[in-house]
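Undergrad: sequence and predicted structure, then a few things I'm wondering about:
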Amino acid sequence: MIVTYYWIPSGGAGVQRWVKFTKYLREFGWEPIIYTPENPEYPSIDHSFEKDIPVGITVLKTPIWEPYNVYRNLTGKKNGAINAGFISEDKKQSWKDKLSIRIRGNFLIPDPRRFWIKPSVRFLTDYIRNNQVDALITTGPPHSMHMIGMGLKKNIPSLRWLADFRDPWTNIDFYKDLNLSGFADRIHHRMEKEVVQTADQVVVVSNGMKMEYDLLNPRKIVVVTNGYDESDEEIAAIQLDTKFSISHIGTLNAARNPGTVWKVLGELCQANVDFKSDLQIQLVGKVDFSVLEAIREVGLEQHLVKIDYLSHSEAIKKQQSSQVLLLLINNSGNAKGILTGKFYEYLAAKRPILGVGPTDGDAAEVLQDTGGGVMVDFEDEIATKKCILEYYSHYKTKTLSVQTGSVARYSRRSLTGQLASILNSL
């Protein structure tokens, strides 16, 4: 049984990991049962994942109450989805926004989905006692899913429980933005530690995250990375962009704003007429206002193509048609351990990657191992300029490509095989 907030027809990164595991689990002898909310608040809708769901799987749904209508009434934002990851598309945060964030962090612990925990524990305790469930999986964020797992483990001690962390809990980049009191901070840390120590198996997505959670003394912990789905990459011949396109696909928050890249690109445009004529910056997904402001400040707005959202299948095409893919790691304390799901699709697209982040982090190591691109440090203007000019030189001679080494170990099917082995061991 997989307890997940994000499910079809949710768009965005949160849904992909477990949709893809579900797609392949039957091949490895496991039958997935999905438990998900009946009426969730999704940041975006994407029906392209529907093709991945195996025929005849059981999907259980119960209603969830979330306080977002209260938030909308408080802030006056009557319509629209709630942005994830503290993305702000407005330049100035109102006092109402600040108040709602303080309420969210200090009273809605661990997150606004907390009101689904108790009814889910009641419903699933009864279901599991009356149906064959060999293993329970909870995936977060939102970490309320793990608290459902905690409740079920207490009610049914013999139940094998795997807690999957797609992102850290208290070490996530926006944790400090929650404006937590000392009391609330201690509750978050206590909950996180209890989940990690109670679950029969903890799964994380990077070696850096494993090092973090090792400190909490889990019973068992293992890394199962994100990946790419080979069937998604099987697209008919793609025509490369005629412009020297540098593309970022996905949410772009303030912590990922690559100020050094924008500065270098601005300087190159001023110094080289051909570069200025050829450059195109493509940002696909939700973008924080601070990113757009930084682009305007260096005079690059005329080169910007901004697309609010593409379906997953269209995003794959955009990756494959781009001249260069921009990989941005959060400039935060946990930067070395960040490996986004989008990263592996970048590798599968086989286009040169310009990464901005720790040169000794997990993403840099994978880039080096696969030959997929270059990682430059957040403030390293020299290395950034060198990489961009090298890519541009190859673009001008129509030789811009990468000889990416084997990435098959990051295929969704291969990763599902790893997951199945872990479930078998439980």
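TA: Thanks, I have it.
Undergrad: just the residues contacting the helix or strand harbouring residue 24, thanks.
TA: Assigned by DSSP states H and E, residue 24 belongs to helix 13-25. When contacts are defined by Cβ atoms under 8 Å, 6 or more residues apart in numbering, helix 13-25 is touched by residues 2, 4-8, 31-32, 34, 46, 49, 52-54, 57, 84, 137, 139, 141, 164, 166, 226-227, 229, 250-251, 312, 340-342, 412-413, 415-417, 419-420. Placement of C-beta: from N, CA and C, glycine included.
Undergrad: buried subset of the residues you listed?
TA: 2, 4-8, 32, 34, 46, 49, 52-53, 84, 137, 139, 141, 164, 166, 226-227, 229, 250-251, 312, 340-342, 412-413, 415-416, 419-420 (16 or more other Cβ atoms under 10 Å).
Undergrad: which of those fall in strands?
TA: 2, 34, 137, 139, 164 (DSSP state E).
Undergrad: and residue 362, how many residues sit next to it?
TA: Residue 362 has 25 neighbours, counted by other Cβ atoms under 10 Å.
Undergrad: and this structure, what are its domains?
TA: 2-227+412-425, 230-407 (automatic domain parsing).
Undergrad: want to throw those domains into a markdown table with mean pLDDT?
TA: Output for these, formatted as a markdown table (pLDDT from 0 to 100):
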| stretch | mean pLDDT |
| --- | --- |
| domain 2-227+412-425 | 89 |
| domain 230-407 | 92 |
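Undergrad: just checking, what packs against the helix or strand where residue 295 lies?
TA: In the assignment (DSSP H and E), residue 295 maps to helix 289-297. If you count contacts as 3 or more Cβ pairs under 8 Å, 6 or more residues apart in numbering; DSSP states H and E, helix 289-297 packs onto helix 259-271, strand 304-307.
Undergrad: try 7 Å this time
TA: helix 259-271 (3 or more Cβ pairs under 7 Å, 6 or more residues apart in numbering; DSSP states H and E).
Undergrad: hmm, back to that, CA atoms only for the helix holding residue 24, dumped as CSV, please.
TA: Output in CSV follows, covering the C-alpha atoms of helix 13-25 (Å, rounded to 0.1, in the frame of the first residue of the first chain):
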residue,chain,number,x,y,z
ALA,A,13,7.6,16.8,-9.5
GLY,A,14,5.9,15.4,-6.4
VAL,A,15,3.8,12.9,-8.4
GLN,A,16,6.3,11.4,-10.7
ARG,A,17,8.4,9.2,-8.4
TRP,A,18,5.5,7.0,-7.2
VAL,A,19,3.6,7.0,-10.4
LYS,A,20,6.7,5.5,-12.1
PHE,A,21,7.3,3.0,-9.3
THR,A,22,3.7,1.9,-9.5
LYS,A,23,4.0,1.5,-13.3
TYR,A,24,6.7,-1.2,-12.9
LEU,A,25,6.1,-2.8,-9.5
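Undergrad: next one: it to chain centre, how far?
TA: Remark: helix 13-25 is offset 13 Å from the chain centroid, using Cα atoms, centre = their mean, to the nearest Å.
Undergrad: tell me where the stretch 51-200 of the chain has strands.
TA: For the stretch 51-200 of the chain, the strands defined by DSSP state E, counting those that start in this stretch occupy 58-62, 135-140, 160-165.
Undergrad: now those strands in a markdown table, with distance to residue 206?
TA: Shown next, in a markdown table, are those (distance: least, Cβ to Cβ, whole Å):
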| stretch | distance to residue 206 |
| --- | --- |
| strand 58-62 | 29 |
| strand 135-140 | 15 |
| strand 160-165 | 10 |
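Undergrad: who wins for proximity to residue 42 among the ones you listed?
TA: Proximity to residue 42, assessed across the strands of the stretch 51-200 of the chain by Cβ to Cβ, is greatest for strand 58-62 (13.8 Å).
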